[in-house]
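Undergrad: how would this look folded up:
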Amino acid sequence: MSARFQSKVWVVPRRSMQASDRTVPAWLTILLAVSCGLIVANLYYAQPLVGPISSALKLSAAAAGLIVAMTQMGYCLGLLFIVPLGDLIENRRLILSLIIICMFATAVTASAHSAILFLLAALLTGLGASAVQVLVPYAAHLAPEESKGHVVGNVMSGLMFGIMLARPIASLVTHLFSWRTIFLLSAALMTLLTVILFRWLPERVPEANTHYDALLRSMIPLLRNTPILRRRAFYHFCLFSAFSLFWTTVPLYLAGPAYHLSQAGISLFAFVGIAGAISAPIAGRLADRGWTKPVTGCAITIVALAFVIMRATPGGSLASLLVLMAAGVLLDFGVTANLVLGQRAIFMLNAEYRGRLNGLYMAIFFVGGAIGSALGAWAYSAVGWDRVLMIGLLWPLVALLYYSTDRS
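TA: Residues are numbered from 1 along each chain as shown. Presented below is the predicted three-dimensional model:
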């Protein structure tokens with residue numbers, strides 16, 4: 001970063017990038033939030049498009065869940081093997097490299113005419129999208145302890161808006177043009193974002209003095225010796241499985257005989273989930289006040305309640321569609337809140353291991369997401385919507401059972 005830029009905007013010494021002892025400038029928080037939203041959206045564009053994509057690529061209904069699951073598995077690989085590099089190498093360079101991977105992968109996705117090529121590109125898209133989990137700990141490094149939850153919550157709200165806007169935008173663009181168009185637009189956005197972050201994102205050089213193989217070997221002991229990581233990861237494994245199961249199957253349900261919605265109608269339905277993103281900054285502030293445990297219980301209960309409401313309402317009517325929308329908001333609200341609470345708890349641990357801890361946390365629950373997506377598509381084709389909801393309800397109930405063992 002040039003001295004002229006440093007004196008003009010970033011007025012504290014460069015040393016402050018290594019120590020969280022300054023307030024994060026508003027412009028940088030906004031840049032990080034928008035960047036996270038644009039990058040993470042690549043994981044979710046395909047979610048409401050499972051029907052048209054599987055039809056174009058000649059994938060069976062039971063295998064259609066791979067369209068989403070492969071992206072999530074690529075993300076898991078990035079979390080386990082690339083995100084830990086945030087503790088070792090300069091963060092700005094790592095972030096830009098991952099965004100470039102995402103840019104090329106989405107371009108290939110848009111042009112793929114075979115299922116194998118599409119799924120491989122989806123895997124690489126997920127790998128590149130792991131850049132967001134270098135950006136989030138990066139924000140935590142910059143924030144002082146007393147406002148870490150607030151800053152992380154604000155950045156995570158951008159990430160969650162990206163998740164929730166990705167679905168309706170992808171559906172709407174597909175309705176107006178084709179499913180390939182959204183991936184072409186994404187490739188263009190990743191190109192633009194690369195240029196912007198190259199110019200404006202400050203550098204951050206980690207203080208760790210180790211090697212990559214030692215970094216990876218340290219992750220198993222970190223998981224074994226960090227009870228809070230295991231607990232928070234299990235909570236969100238369950239909730240994200242339920243989240244992915246719902247959002248992978250609900251477009252199929254809405255397009256089916258119960259509602260006969262078009263992609264435009266599905267996009268309008270998906271827009272309601274955006275309201276759930278407001279829980280991110282709220283959860284961050286409550287965590288800063290020391291209320292992490294009770295708010296966690298509330299978040300898990302809200303997710304369970306969403307599935308109870310959906311199971312209690314027969315489909316096919318306008319009233320049931322409105323109830324389904326309300327349940328979608330509740331689901332997204334609870335999942336978002338729990339995610340922020342988990343990340344805030346992990347970011348309060350040793351800063352030297354923050355990238356690895358975050359990578360483990362995210363990788364564990366994205367495995368749950370991949371399971372939920374694949375299981376949801378299979379269950380919907382094999383046993384129908386009602387059984388999908390029963391499976392979805394089991395996940396938060398298991399999380400609540402484990403939550404009841406927390407004696408902290």
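Undergrad: for the chain, what are the low-confidence residue spans?
TA: Within the chain, the set of residues satisfying pLDDT under 70 comprises 1-22, 146-148, 208.
Undergrad: one more time with 50
TA: Applying pLDDT under 50 to the chain flags the ranges 1-21.
Undergrad: And the strands in it?
TA: In the chain, no strands are defined using DSSP state E.
Undergrad: check contacts around Phe271.
TA: Pro168 (CB atoms under 8 Å, 6 or more residues apart in numbering). C-beta: built from backbone N, CA, C; applies to glycine.
Undergrad: same question, the one 10 residues further on
TA: Contact partners of Pro281, counting by CB under 8 Å, 6+ apart, are His150, Gly153, Asn154, Ser157.
Undergrad: ok, and the closest non-adjacent residue to it?
TA: Gly153 (4.2 Å; CB to CB, 6 or more residues apart in numbering).
Undergrad: how far away is the one you found from Trp27?
TA: Gly153 sits 18 Å away from Trp27, going by CB to CB, to the nearest Å.
Undergrad: Of those two, which one has the most company?
TA: Gly153 (27 against 11; other CB atoms under 10 Å).
Undergrad: you'd agree that one is up against Ile278?
TA: No. If you go by CB atoms under 8 Å, Gly153 and Ile278 don't touch, sitting 10.5 Å apart.
Undergrad: about what we covered before: which one of the contacts of Pro281 is nearest to Met70?
TA: For the contacts of Pro281, the residue nearest Met70 by CB to CB is Ser157; the value is 27.4 Å.
Undergrad: what about that closest one, how many neighbours?
TA: 23.
Undergrad: so what's it closest to, chain neighbours aside?
TA: Per CB to CB, 6+ apart, closest to Ser157 is Ala280, 3.9 Å.
Undergrad: Count the neighbours of the one you found for me.
TA: 27.
Undergrad: Kindly report the same for the one 10 residues further on.
TA: A count of nearby residues for Gly290, using other CB under 10 Å, gives 8.
Undergrad: now swap in Ser404 and tell me
TA: Residues near Ser404, counting by other CB under 10 Å: 9.
Undergrad: how close does it sit to Leu397?
TA: Distance from Ser404 to Leu397, by CB to CB: 11 Å.
Undergrad: same check, this time on Ala351
TA: With distances taken as CB to CB, Ala351 is found 35 Å from Leu397.
Undergrad: for stretch 127-140, which positions count as buried?
TA: Residues of stretch 127-140 classed as buried by neighbour count (16 or more other CB atoms under 10 Å): 127-140.
Undergrad: Closest to Ala63 out of those?
TA: Of all the buried residues of stretch 127-140, Ala63 sits closest to Leu127, with 21.2 Å by CB to CB.
Undergrad: Confirm for me that that closest one is in contact with Leu79.
TA: No. In this structure, Leu127 is not within contact of Leu79 by CB under 8 Å, at 9.4 Å.
Undergrad: got TSV for the contacts of Pro281, with distance to Ser373 too?
TA: Below are those laid out as TSV (distance: CB to CB, whole Å):
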residue	distance to Ser373
His150	32
Gly153	26
Asn154	28
Ser157	24
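Undergrad: So which of those belong to helices?
TA: Taking DSSP state H as the definition of helices, these contribute His150, Gly153, Asn154, Ser157.
Undergrad: Let me see the ranges of the helices in the stretch 251-400 of the chain.
TA: Under the criterion DSSP state H, counting those that start in this stretch, helices of the stretch 251-400 of the chain are mapped to 263-271, 279-288, 292-311, 318-347, 354-383, 385-403.
Undergrad: same deal with the stretch 1-150 of the chain?
TA: 3-8, 26-40, 50-57, 66-81, 91-111, 115-129, 132-142, 148-176.
Undergrad: now the ones you listed as CSV including distance to Leu222?
TA: Output for the helices of the stretch 1-150 of the chain, formatted as CSV (distance: least, CB to CB, whole Å):
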stretch, distance to Leu222
helix 3-8, 34
helix 26-40, 24
helix 50-57, 35
helix 66-81, 12
helix 91-111, 19
helix 115-129, 22
helix 132-142, 14
helix 148-176, 20
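Undergrad: Ok, which of those helices comes nearest Gly256?
TA: Nearest to Gly256 among the helices of the stretch 1-150 of the chain is helix 50-57; the distance by CB to CB comes to 9.3 Å.
Undergrad: Number of residues surrounding the residue nearest to Ala275 when sequence neighbours are not counted?
TA: Once flanking residues are discounted, Ala275 sits nearest to Val329: 4.8 Å by CB to CB, 6+ apart. Residues near Val329, counting by other CB under 10 Å, number 18.
Undergrad: From Phe269, how far off is Val329?
TA: From Val329 to Phe269 the distance is 11 Å (CB to CB).
Undergrad: What residues does Thr29 make contact with?
TA: Contacts of Thr29 by CB under 8 Å, 6+ apart are Ala139, Val151, Asn154, Val155.
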